[in-house]
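Trainee: structure for the following, please:
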Amino acid sequence: GQGTVEKLLNFTYIFRRVGILILALLIFASILIISNIIKITVYARRNEIEIMSLTGATSWFIKWPFIIEGFLQGFISAILSIIILYKFYFFAINKVHQVIPFLPLVVDNMDLLPIGIAIVLLGSFVGSGFIHSRSFTGLINQTPTFHKFSRWVKRKFYLTNSETGTTSIPALINSGTILFST
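Mentor: As a prediction, the model looks like this:
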């Protein structure tokens, strides 16, 4: 009697602590993986982002494909994790019932439905929520807009001279200041 109950309580205490530690490590790893995937995706599409910025696309027009992609990835991942957890949960319940038949465990599927819905929503919003992080917004805002590009062209190719004023590109070409190699 009492010795078995004490062993069971000790086991559940240790099992709960180890579970919390594993959960914390998995959450930390998930955050690192998701943030790195977003950075890699933005880096891989930097030319596309730059072209959209140069053509005058708003920041929301640039962000929406990433938000939708993150939402869909989070949604699909959450559905897959629910399926895996569902199978594992009932496998674990059967094993525990074989060892400890008097322990009441949740077996009804409807009791697990709110948890499943919460996992799907959390996965979807985590997938799309990191898009709004400051690092992602900073990456998009660092891409040159048409206005910045035109100022760069003017600084690069138009020289100001105090005597003659602004020199145009054709004048610079004719004077030999700008040389083109063939």
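Trainee: for the longest helix along the chain, packing partners?
Mentor: Longest helix in the chain, counting residues (DSSP state H): helix 2-44. Applying 3 or more Cβ pairs under 8 Å, 6 or more residues apart in numbering; DSSP states H and E, one finds that helix 2-44 contacts helix 59-99, helix 109-129, helix 134-141. Where C-beta positions appear, they are placed from N, C-alpha and C, glycine not excepted.
Trainee: ok, 7 Å please
Mentor: helix 134-141 (3 or more Cβ pairs under 7 Å, 6 or more residues apart in numbering; DSSP states H and E).
Trainee: and the average pLDDT for the helix it packs on is what?
Mentor: For helix 134-141, the mean pLDDT works out to 50.
Trainee: what about stretch 7-20, average pLDDT?
Mentor: 87.
Trainee: actually, stretch 80-88.
Mentor: 84.
Trainee: now do the longest helix of the chain against helix 59-99, angle only.
Mentor: For helix 2-44 against helix 59-99, the angle by axes from the mean of the first three to the mean of the last three Cα atoms, to 10 degrees is 160 degrees.
Trainee: mind listing what's buried along the helix or strand just after helix 2-44?
Mentor: For helix 2-44, the succeeding helix or strand toward the C-terminus, using DSSP states H and E, is helix 46-54. Judged by neighbour count (16 or more other Cβ atoms under 10 Å), helix 46-54 contains these buried residues: 49-50, 52-54.
Trainee: next: stretch 36-49.
Mentor: By neighbour count with 16+ other Cβ under 10 Å, stretch 36-49 contains the buried residues 38, 41-42, 49.
Trainee: closest to Trp64 among those?
Mentor: Using Cβ to Cβ, Ile49 is the member of the buried residues of stretch 36-49 that lies nearest Trp64, at 12.2 Å.
Trainee: surely the closest one and Ile62 touch.
Mentor: Yes - look at Ile49 against Ile62 with Cβ atoms under 7 Å: they come within range, at 5.8 Å.
Trainee: would you map out the domains in this structure?
Mentor: Domain ranges of the chain: 2-143, 146-182, per automatic domain parsing.
Trainee: low-confidence ranges, this structure, go.
Mentor: Along the chain, segments meeting pLDDT under 70 span 105-112, 126-182.
Trainee: same thing but 90
Mentor: Within the chain, the stretches with pLDDT under 90 are 1-13, 15-16, 19-20, 23-24, 26-182.
Trainee: enumerate every residue touching the closest residue in space to Val120 that isn't next to it in sequence.
Mentor: Sequence neighbours aside, Ala78 is the residue nearest to Val120 in space, at 4.3 Å (criterion: Cβ to Cβ, 6 or more residues apart in numbering). Ala78 sits next to 119-120, 122-124 when contact means Cβ atoms under 7 Å, 6 or more residues apart in numbering.
Trainee: just the buried ones from the residues you listed?
Mentor: 119-120, 123-124.
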